[in-house]
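Quick one: sequence plus predicted model below, questions after.
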Amino acid sequence: MSDASHVSDVVLQTRDLVRTFGGGRTLFGGQKPTVYAVRGIDVAVRKGETLGIVGESGCGKSTLARMLVGLDRPTEGNITLTGSDMNDLIARDRHALSRRIQYVFQDPISSLNPRKLIRETLAAPLRYLRGLSGDALNQRMAELMDAVNLRPEFLDRYPHEFSGGQAQRVGIARALAAEPEIIVLDEPVSALDVSVQAQVLNLLADLKKKFGLTYVFISHDLSVVEAVSDRVAVMYFGRVVEQAKGRALFDKPQHPYTRLLLDSAPVPGKRGLTVEDASAELPDPLSPPPGCAFAPRCPRAQDDCVAKVPDAQYGLENHDAACFHPLNPVTSA
Amino acid sequence: MTSNAVTGPNSNPHTNAKKRSARPSAFKLLARNQLALMGAVILVLVVLIVIITPILPLPDPDATDPAQRLLRPLADGHFLGTDHLGRDLLSRLIWGTRVSLAVGISASLVAALFGSAIGIVSGYFGGRTDNIMMRGIDMLMAFPYILLALAIVAALGPGLMNALYAIAVVNIPFFARNIRGVTVGIAHREFVDAAKLSGKGHVRIILTEILPNVMPVIVITISTTVGWMILETAGLSFLGLGAQPPQADLGSMLGEGRKLITTAMHLSAIPGAMIFVLVMSINLLGDGIRDVLDPRLKSGALARPAPLTRIDRTDEGAGTTYPDDTILAVDELRTEFVLGDDSYKAVGGVSFHVGKNECVGLVGESGSGKSVTALSLLGLVASPPGTIVGGRVMFDGKDVYGMSEDDVRDIRGGKAAYVFQDPLSTLHPLFSIGDQLVEAIRAHNAVSYKDAWAKAVELLGMVRIPNPQSRADNYPHQLSGGMRQRVGIAMALANEPRLIIADEPTTALDVTVQAQILKLMNNLRNDHGTSVLFITHDFGVVSEICDRVAVMYAGRIVEMGTTEQVLHHPAHPYTKRLIDCVPRLGEPDRRTSAIPGLPPAVNNLPAGCAFADRCDRVEDACRVGSIAFDDLGEGHGVRCIKPMEGADV
Ligand SMILES: Nc1ncnc2c1ncn2[C@@H]1O[C@H](COP(=O)(O)OP(=O)(O)OP(=O)(O)O)[C@@H](O)[C@H]1O
Ligand code: SF4
Ligand code: SF4
Ligand SMILES: [Mg+2]
């Protein structure tokens, strides 16, 4: 891809995105504790690519995902969707936003209303976002069910009559119904059985090709992210600590945290994980440490690490990590 | 790919069976409840009568006839007699019931409408809206209930309509609080977010997503309060604040009768009995409705399960012999659940053994019977519905199912200990972890509290909890998930068990923490010679920790061997495909091929091989008879008539 095209084909971009929860004053004027969920995130997603975001529980993945689709608003920073500001889009026309970017939930069963037929759930986006009704609506529903490999008679069932994998396919069909350009997938296969995971991952790959979709794929599972992503960002404690194109991140990790993640993931047929010291304490989201959040666990930490927050330049093509003493340092960006 | 769209049995027979049979038969369930049925019959009778009251050949209830005053029941022309003004009591009773019922029901509906609206809006929007609305409700609730009703009537002036308003208003907070609680739980569910993204506005979401889910609670609340409301209306009328003379309602009749209670008892007894019958029948029916809509609240539903799984064996295993150093031997174990007319063969003949200092893995998909196998070993499956229907379990040379309850309890937490996926389920939230460890130690050993505490601290150190002395005083919620799981393991280690049965102990943990726990368990094995039965669905974890591994499918072991044999030379097509369908770190280009379809439901297993419908090597012979478990030599065995030879993975 030539350099000139980069600027134009970015469809989704965040700048200095921050989201805190709590805060404010108590009844007696005291300061309520503030939880820092997302602490300054810059990511860009290019048309047609899959951006993988990987991180452990509590690192702010879902908070980020919810902001990307407009279910939550950032405390600071902004999100732009092909150049227009997300806040403006929401203020002007929420439906227009939902027609462009959709979401697939982690828990397939609880993302379906237990008291409604699948037909009603699936009809909602077609009716309210795409203005369909009558025969056109029914025909489109049949097409969508076909696209996710479900039989049309499943439309007249209740969610509890589905297995997890089937329910997740309904969730995907609902996202597709809006005909979005971008789908944010928040741990779409984590709740599924391994044999069903592969069915859903393959389906997602087929749909992407067929409809020219752009994915933001969030997961805690490195091997899944590695298999599906064109570009990968690693999150730790509310920030992106490393980002790279393609396999680079897995082949030559720069951030000690990425290294730790890779070393901790068990691989079938291999034995001997390297394990960090059990005394390593996770940072407290109520009072983020100064400097690098990973420093208390980092085997490479030095004095400068706790003095200043390490910075990184994340581009569309380069590989960089927010670390003062990276592994496998790369000279050229 | 279309073959994935299996219409077939759901993989979770649990929900399937329950919902399928419950849905169409809510009325049947209600009818089965005899008390509720009786209530319903009485109520329907009363309602029918009051509906047709205007066309009944009754004398005018307000027509006075001083000549006929205070007639006893069964008097000529006045079946129930007359009152002090000579009015016909039967006519007044029926007309009065009509009024009381109408007022009571209307008051409930008004209270339900406003109360639920407040509750839903408040629970859905939360934040400031919630705060303001709920403070208002709190203020209403701060007044004594009946005083508030009296105050409202006093302000509006006596009269039936005003009594209705008063009763409705004082009951609004009750509905509002109830419904708000339920709404808060629903408003944060993912399907509400999904509806927002589907383009639905707040009003639509409230009406079409939230309301249907809250409706059963509203109905329950109405059905259990309408009786009280009738009583309250009667109360106000009794005090002269409701129905005004000459109009009759049950309360005012009671009030008028009270003055003559010594001379004409029937004047108060008859409306009193009517109130009793009415409220009783409504409450019985209300309880019945509640039991059907929310079975958890049913009285007596919180029955305690038996301490030991019910054992009702048709056989005691095949008598297989195992090596000398075996700590646990399982021989053709079968456990079933009976739900309604269906029996689910959750464990359908499982045999394996765990040697001293050995770690054996039990791998399989959700619902394959791993957990039920683990729980059956020491009779921990809940009964009902679970029953051990066949086979034998030998622990340390002794037959577990032949032991007394006390002996089995002694083994649990003593020589054999469980570690579960969710450590919170085994830790009590209100006791410090140190105290819980002490308790576990003292349940099996007669040691002083002080010694046990010292041992507890030592255990916490052993599972590498930093700073064990001070951490022992922590409560479970003060620990991270990984630390809690380490406490769970410390608990299991409290009495130096010979065997640890770990059911997905790391599944809920982050990979970095999982790595620590796996290392910890490996160390324990090396240092203390403990044996481990490790249940997981992750072949990576198996490679890391297990010596041998058994693969389960639909309640049976389909392949068993050393970790090396099973992972590198799988013989069962299912094993091979299960390994193939997970992406593997470092091999992003390896083809991950999905297994089409779903496992069969264990209440409806096919004849022959349970994997046949999903197997690409299937042939006719696979679908007849039962498939034997064949020995391939060197401890490798497979349940397949066409095993794959030397397949390399
Ligand atoms: N209390 C119960 N009542 C009825 N059926 C049950 C009960 N517990 C389990 N089952 C059924 O027994 C079968 C085996 O369940 P089990 O929990 O052993 O599976 P598992 O392999 O441990 O799955 P997972 O990986 O999801 O933990 C399932 O069909 C399940 O629905
Ligand atoms: S900045 Fe320092 S502490 Fe942070 S990851 Fe790099 S080396 Fe470790
Ligand atoms: S017995 Fe037949 S159907 Fe079953 S796994 Fe073997 S080849 Fe496949
Ligand atoms: Mg289980």
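Cool, got the structure. Ligands and ions are numbered 1, 2, ... in the order given.

Could I get the buried residue list for stretch B:250-267?
B:250, B:251, B:252, B:253, B:254, B:255, B:256, B:257, B:264, B:266, B:267 (16 or more other CB atoms under 10 Å in any protein chain shown). (Glycine included, C-beta is placed from N, CA and C.)

Check those residues and tell me the two furthest apart.
B:251 and B:264 (18.0 Å; CB to CB).

Kindly state the domain boundaries assigned to chain B.
B:33-43+B:91-298, B:416-494 (automatic domain parsing).

gap between the two ends of the shortest one?
Its first and final residues considered, domain B:416-494 spans 11 Å by CA to CA, to the nearest Å.

quick one: average confidence on that domain?
On average, the pLDDT along domain B:416-494 is 87.

Does that domain reach ligand 1?
No: Domain B:416-494 does not reach ligand 1 (CB under 6 Å from any ligand atom); its nearest approach is 7.6 Å.

Can you tell me which residue of chain A sits closest to ligand 1?
residue A:193 (7.5 Å; CB to the nearest ligand atom).

roughly how far apart are that residue and residue B:366?
Counting by CB to CB, to the nearest Å, the gap between residue A:193 and residue B:366 amounts to 5 Å.

Contacts only, for the nearest residue to residue A:112 once chain neighbours are set aside.
Nearest non-adjacent residue to residue A:112, counting by CB to CB, 6 or more residues apart in numbering or on different chains: residue A:159, 3.9 Å away. Applying CB atoms under 8 Å, 6 or more residues apart in numbering or on different chains, one finds that residue A:159 lies in contact with A:109, A:112, A:113, A:114, A:116, A:118, A:167, A:170.

got the contact list for the first one?
For residue A:109, the set of contacting residues under the criterion of CB under 8 Å, 6+ apart consists of A:159, A:160, A:162, A:164, A:167.

Out of those residues, flag the one nearest to residue B:130.
residue A:159 (28.1 Å).

Reduced to three states, what does residue B:246 come out as?
Of the three states, residue B:246 takes coil under DSSP: H, G, I helix; E, B strand; the rest coil.

That one against residue B:60, yeah?
No: if you go by CB atoms under 8 Å, residue B:246 and residue B:60 don't touch, sitting 10.0 Å apart.

For chain A, name the helix or strand with the lowest mean pLDDT.
helix A:4-8 (a mean of 51; mean pLDDT, DSSP states H and E).

Helix or strand next in line after that helix, which one?
Using DSSP states H and E, the helix or strand that follows helix A:4-8 in sequence is strand A:10-22.

between the following helix or strand past that next one and strand A:10-22, how many degrees?
Following strand A:10-22 in sequence order, the next helix or strand is strand A:34-41 (DSSP H and E). Strand A:34-41 and strand A:10-22 meet at an angle of 160 degrees, taking axes from the mean of the first three to the mean of the last three CA atoms, to 10 degrees as the criterion.

Name the residues that touch the next helix or strand after strand A:34-41?
Sequence-wise, the next helix or strand downstream of strand A:34-41 (DSSP H and E) is strand A:44-46. Outside strand A:44-46, the residues within contact range by CB under 8 Å, 6+ apart are A:6, A:9-14, A:51, A:182, A:214, A:216, A:231, A:314, A:316.

Recalculate using a threshold of 7 Å.
Residues from elsewhere that reach strand A:44-46, judged by CB atoms under 7 Å, 6 or more residues apart in numbering or on different chains: A:9, A:10, A:11, A:12, A:13, A:51, A:182, A:214, A:216, A:316.

Mind jotting down where the strands sit in the stretch 1-150 of chain B?
Read by DSSP state E, counting those that start in this stretch, the stretch 1-150 of chain B holds no strands at all.

what do you get for the stretch 401-550 of chain B?
Going by DSSP E, counting those that start in this stretch, the stretch 401-550 of chain B shows strands at B:416-419, B:499-503, B:531-536, B:548-553.

orientation of the last one relative to strand B:531-536 in degrees?
Going by the same axes, to 10 degrees, strand B:548-553 is angled at 40 degrees with respect to strand B:531-536.

for residue 294, what are its contacts?
You didn't say which chain, so I picked chain A. Residue A:294 touches A:236, A:241, A:256, A:257, counting by CB under 7 Å, 6+ apart.

my question was about chain B
Taking CB under 7 Å, 6+ apart as the test, what residue B:294 contacts is B:216, B:220.
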